[in-house]
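Visitor: What follows is a predicted structure for the sequence shown.
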Amino acid sequence: MARQSSERWAEIVADAEASGVSHAQVAAKHRVSLPALKYHLYRARKGNGPRLLPVRVGAEPMLLQAQCGPVRVAFPEGCSPTYVAAVLAALAKIAC
C-alpha cells in the first residue's frame, strides 16, 4: 500500500469517524491497512485537542470559546481551567 500524506490521513480519519461503518470497511474503501487506520485514529483522538483562543468583543468580558463538530461552547473569563478541560473532554467523547 502506498504511503499516504497527512492531509490524506486526515480525510480518511474523518471518513472513519463520520461514516457509521466499521473501521475495516473504511480501510478497505481507502485501500489502507486496518492497523494503519487504527493508528491514525488513535493519533487524531489523542494528539489533537481543540484549539482554544480567547475572544474579546467590545466591552464585554473575555470568553474562551471552543467548537467540536456542531457544538460550540463559551466559558467566561476566570472560569476554572479544570472545569473547562472536563467539559471539553466530555464534549470530545460525544460530539466530535
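Guide: Arrived safely.
Visitor: going forward, measure contacts between C-alpha atoms and count neighbours the same way
Guide: OK.
Visitor: quick check: domain ranges of this structure?
Guide: Listed domain ranges for the chain are 6-47, 53-94 (source: automatic domain parsing).
Visitor: model confidence over the last one, on average?
Guide: Think domain 53-94. Per-residue pLDDT over domain 53-94 has a mean of 79.
Visitor: Point out the most buried one among the domains of the chain.
Guide: Counting by mean count of other C-alpha atoms under 10 Å, domain 6-47 has the highest mean neighbour count of those, with a mean of 14.
Visitor: Can you give the distance from it to the centre of its chain?
Guide: Put simply, domain 6-47 sits 13 Å off its chain's centre (C-alpha atoms, centre = their mean, to the nearest Å).
Visitor: for stretch 40-48, same thing?
Guide: Between the centre of stretch 40-48 and the centre of its chain there are 8 Å (C-alpha atoms, centre = their mean).
Visitor: Run through who's touching it.
Guide: Residues outside stretch 40-48 that contact it (C-alpha atoms under 8 Å, 6 or more residues apart in numbering) are 9, 13.
Visitor: Go again with 7 Å.
Guide: Residues outside stretch 40-48 that contact it (C-alpha atoms under 7 Å, 6 or more residues apart in numbering) are residue 13.
Visitor: Just the CA coordinates for that stretch, please, in PDB.
Guide: Output of stretch 40-48 as PDB, limited to C-alpha atoms (Å, rounded to 0.1, in the frame of the first residue of the first chain):
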ATOM      1  CA  HIS A  40      -4.100   7.300  12.800                       C
ATOM      2  CA  LEU A  41      -7.500   7.300  14.500                       C
ATOM      3  CA  TYR A  42      -5.700   7.000  17.900                       C
ATOM      4  CA  ARG A  43      -3.300   9.800  17.000                       C
ATOM      5  CA  ALA A  44      -6.100  12.100  15.900                       C
ATOM      6  CA  ARG A  45      -8.100  11.500  19.100                       C
ATOM      7  CA  LYS A  46      -5.100  11.700  21.400                       C
ATOM      8  CA  GLY A  47      -2.800  14.300  19.900                       C
ATOM      9  CA  ASN A  48      -5.100  17.000  18.600                       C
END
